[in-house]
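**Q** Pasting the sequence and the predicted model now:
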Amino acid sequence: MMSPGYKGCSFAFEELYADYYGWLSRWLIYRVGCSEQAADLAQDTFIRVLRRNEAINIREPRAYLITIAKGLIANAYRRQDIERTFLSALQVIPKSVFPSEEEKYQSLETLLGIERCLQQLDEPVRQAFFLFQLDGLSQNEIATRLNISLSTVKRYISKALLLLP
């Protein structure tokens, strides 16, 4: 069943798409500088809207779509940074142990999954986890550095480890 038009504060997906896809695509081209990437991001934006599977009450469709699109742009830039770093790291690997295309893909997807999980953590939790895993600090050293209790450090690290794949 079709919902009332978006001008009445709720919309039918088809109307929203027809009225705003072109506008959103142009807005995205201006932001990302690539028409193909903008088209992908516009489609992803509308997929997010469609997944709600119900009429959405909105007063400002453009602001609503921009909010979703900005999050997708940020995700795309983070992904590009991770891919670039990953490919740079592969350059130092000897050819004799160089991973296959499938292994590279699986490794990159794992890295992206870890990054998505880490983004869900609050900054202090993420910081404690990095100090523990990357810097190799003991839990006591982390507690001292962050000026928090040892039990808080343990809780933070456990929370991070439980979230990771």
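**A** Arrived safely. Residues are numbered from 1 along each chain as shown.

**Q** Can you tell me which residue sits nearest the middle of this protein?
**A** Centroid-nearest residue in the chain, with CA atoms, centre = their mean: N75, separated by 3.8 Å.

**Q** Okay, helices next: where are they in the protein?
**A** 13-32, 35-51, 61-90, 101-119, 123-133, 139-146, 150-163 (DSSP state H).

**Q** Could you dump the ones you listed into JSON lines and include mean pLDDT?
**A** JSON lines is the format used below for the helices of the chain (pLDDT from 0 to 100):
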{"stretch": "helix 13-32", "mean pLDDT": "92"}
{"stretch": "helix 35-51", "mean pLDDT": "92"}
{"stretch": "helix 61-90", "mean pLDDT": "90"}
{"stretch": "helix 101-119", "mean pLDDT": "87"}
{"stretch": "helix 123-133", "mean pLDDT": "92"}
{"stretch": "helix 139-146", "mean pLDDT": "94"}
{"stretch": "helix 150-163", "mean pLDDT": "92"}
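
**Q** Next, work out how far apart the residue of the chain most remote from its centre and L161 are.
**A** Distance from the C-alpha centroid of the chain, by CA atoms, centre = their mean, peaks at S96 (33.8 Å). In this view, S96 and L161 are 33 Å apart by CB to CB, to the nearest Å. Bear in mind the C-beta positions are built from the backbone N, C-alpha and C, glycine included.

**Q** Kindly report the same for T110.
**A** Counting by CB to CB, the gap from T110 to L161 is 16 Å.

**Q** I'm done for today, thanks for sticking with me.
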